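In: my questions are about this predicted structure, shown below with the sequence.
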Amino acid sequence: MNYVLFIILLAGFIATEASYALCSYQWVKRCKDLERIGAKSNLYRSLAVSTMLFILLQVLWQVVFLAWHIYCVCFNIRSDEWINWRRYPEFHVVIEPSPDQSSPELRFRNPYDKGIFYNLKDFLLRQGEG
């Protein structure tokens, strides 16, 4: 259940920050229009632009982070298992050496992957059990 809540929270942050960036953009655009008629708003506009740029950087890495977690859910693997697969023998497939190779080759195989649809179904249904 925690993992589902984490993904929902992350998606909520992305949506909130993206809407903030959009509102900031509209506000900066409005300030430019006000400056044309003589109003002074340089400080406020600079603050809005700087926070908007910060938020856009936040959204950028959070979207990548969310995509990584969705990828892990779709292939039924944890980040630790994916990164350190050589430590887990269940992820090893030994390829016998060909005559021109001296030692066997070790490759990655995920024994827990049941296909994207079944992995998503299992992820969503399993969360209510614990």
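Out: Arrived safely.
In: how far is the helix or strand that Lys29 is a member of from where the chain is centred?
Out: Lys29 belongs to helix 2-36 when assigned by DSSP states H and E. When C-alpha coordinates are averaged (Cα atoms, centre = their mean, to the nearest Å), helix 2-36 and its chain have centres 17 Å apart.
In: does the closest residue to Tyr25 other than its chain neighbours sit in a helix, a strand or a coil?
Out: Distances taken as Cβ to Cβ, 6 or more residues apart in numbering put Met52 closest to Tyr25, at 6.3 Å, once the chain neighbours are dropped. (Glycine included, C-beta is placed from N, CA and C.) Secondary structure, DSSP: H, G, I helix; E, B strand; the rest coil: Met52 is helix.
In: elements contacting the strand or helix carrying Leu106?
Out: Using DSSP H and E, Leu106 sits in strand 105-108. For strand 105-108, the packing partners by 3 or more Cβ pairs under 8 Å, 6 or more residues apart in numbering; DSSP states H and E come out as strand 92-95.
In: and the strand it packs on, what's buried?
Out: Buried residues in strand 92-95, counted by 16 or more other Cβ atoms under 10 Å: none are found.
In: tell me the strands beside that strand, with direction?
Out: strand 105-108 (antiparallel) (DSSP bridges).
In: contacts for the partner strand?
Out: Applying Cβ atoms under 8 Å, 6 or more residues apart in numbering, the set of residues contacting strand 105-108 from outside is 85-86, 91-95, 97.
In: likewise stretch 110-122?
Out: Contacts for stretch 110-122 (Cβ under 8 Å, 6+ apart): 73-77, 90-91.
In: as a markdown table, those residues with distance to Glu105 would be great.
Out: Shown next, in a markdown table, are the contacts of stretch 110-122 (distance: Cβ to Cβ, whole Å):
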| residue | distance to Glu105 |
| --- | --- |
| Val73 | 29 |
| Cys74 | 27 |
| Phe75 | 22 |
| Asn76 | 24 |
| Ile77 | 21 |
| Glu90 | 18 |
| Phe91 | 14 |
